[in-house]
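**Student:** here is a sequence together with a model predicted from it:
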Amino acid sequence: MSNPDSAALRVAYLNIVQGIISRLANSSSVIKGASVTVLSALLAFAGGEHVTFHVWMFILPGVIFMCYHAYFLQQERAFVNLYNAAAAKPLSTEVSFVIDAAKINAVKEAYWSVLARKTIWGFHLPMIAGFVLAFWLSPRG
């Protein structure tokens, strides 16, 4: 295969991986928005009459969304590592368009280390704490 063909294939592969990274980053943003929306709806519901509501009803969905956010961030980071590995290879190396689980698992960070990142808990924990505080300060809390 000639060098221009190899370069074109490399660019095509990198574009595919970049598209996946963009979709995963978008999913992460959607998870953040959904988290705020659901917790806001729960706070509004908690203010209703004859409603028995407890603090854990904010914490549980908040933690679930935090775990989803960590999962999408873990996948995004894995594909960024895959992208960087492919971009660093010499142009003479043949490009394989197969993206299988083995390739992704080889470059994937541990879930718990992703969950411990400031990106995750720096957003979700203050948000959950804010909703819990708003609930406690409300007349029904």
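**Tutor:** Thanks, I have it. Numbers count the residues shown, from 1 in each chain.
**Student:** use CA for all of it now, contacts and neighbours both
**Tutor:** Noted.
**Student:** for the nearest residue to I21 once chain neighbours are set aside, what are its contacts?
**Tutor:** What sits nearest to I21 in space, not counting adjacent residues and going by C-alpha to C-alpha, 6 or more residues apart in numbering, is E76, at 5.5 Å. Applying C-alpha atoms under 8 Å, 6 or more residues apart in numbering to E76 gives the contacts 21, 24-25.
**Student:** gap between the worst-scoring helix or strand of the chain on mean pLDDT and the chain center?
**Tutor:** Here the helix or strand of the chain ranked lowest by mean pLDDT, DSSP states H and E is helix 101-107, holding a mean of 88. Helix 101-107 has its C-alpha centroid displaced from the chain centroid by 18 Å (C-alpha atoms, centre = their mean, to the nearest Å).
**Student:** okay, buried residues for it please.
**Tutor:** 104, 107 (16 or more other C-alpha atoms under 10 Å).
**Student:** what does stretch 84-99 give?
**Tutor:** Residues of stretch 84-99 classed as buried by neighbour count (16+ other C-alpha under 10 Å): 86, 91, 95.
**Student:** can you map out the helices along the chain?
**Tutor:** 3-46, 56-88, 101-107, 111-115, 118-137 (DSSP state H).
**Student:** what's around the closest residue to S138 other than its chain neighbours, how many residues?
**Tutor:** Counting by C-alpha to C-alpha, 6+ apart, S138 lies nearest to G47, which is 7.6 Å off, once chain neighbours are set aside. Using other C-alpha atoms under 10 Å, G47 is surrounded by 16 other residues.
**Student:** distance-wise, check the nearest residue to I20 once chain neighbours are set aside relative to K118.
**Tutor:** The shortest distance from I20 to any non-neighbouring residue, by C-alpha to C-alpha, 6+ apart, is to F79 (7.5 Å). F79 sits 20 Å away from K118, going by C-alpha to C-alpha, to the nearest Å.
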